[in-house]
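Novice: Predicted model and sequence follow; I will ask about them next.
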Amino acid sequence: MNSIEITGIEILTEKEKEVADKLLKEYYLKIQRQLKKIISLKLYIKEYKKEGKGKKYSINIEVIAPAPKIFKANAHDWDFARTLHKVLNKIINEIEHELHVSEQH
């Protein structure tokens, strides 16, 4: 799992970092099953609306696989865990759509 690169992790609280670690491990395995080999997985985290009580998160993900295939997805929401779930599900759906992984079995 050393091919995960996260930009913007410093803006997260310790609890959010734990959530990110748990979800990334879980989804990384799912993505790896679909692609067989992952060259890199990059996650870009930004936050907006810092002056109010809540923070809005924007997460972009980029997965690079062999035969250079690049998959991208993004999501934004007020809840960090929900945003991360959204973007990871979107990237899995993008891979499924592009490669028709479920039809190969």
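Specialist: That came through, no problem. Numbers count the residues shown, from 1 in each chain.
Novice: This protein: helices as residue ranges?
Specialist: Assigned by DSSP state H, the helices in the chain fall at 14-35, 80-99.
Novice: Tell me who's in contact with residue 72.
Specialist: Contact analysis of residue 72 by Cβ atoms under 8 Å, 6 or more residues apart in numbering lists 60-63, 91, 94. (Each C-beta comes from the backbone N, C-alpha and C, glycine too.)
Novice: which among the residues you listed gets closest to residue 28?
Specialist: Using Cβ to Cβ, residue 63 is the member of the contacts of residue 72 that lies nearest residue 28, at 9.7 Å.
Novice: Tell me, how many residues neighbour that closest one?
Specialist: Residues within reach of residue 63, counting by other Cβ atoms under 10 Å, total 25.
Novice: So what sits opposite it in the bridge?
Specialist: Assessed by DSSP bridges, residue 63 has beta-bridge partners residue 41, residue 71.
Novice: just checking, it touches residue 31?
Specialist: Yes: if you go by Cβ atoms under 8 Å, residue 63 and residue 31 touch, sitting 6.3 Å apart.
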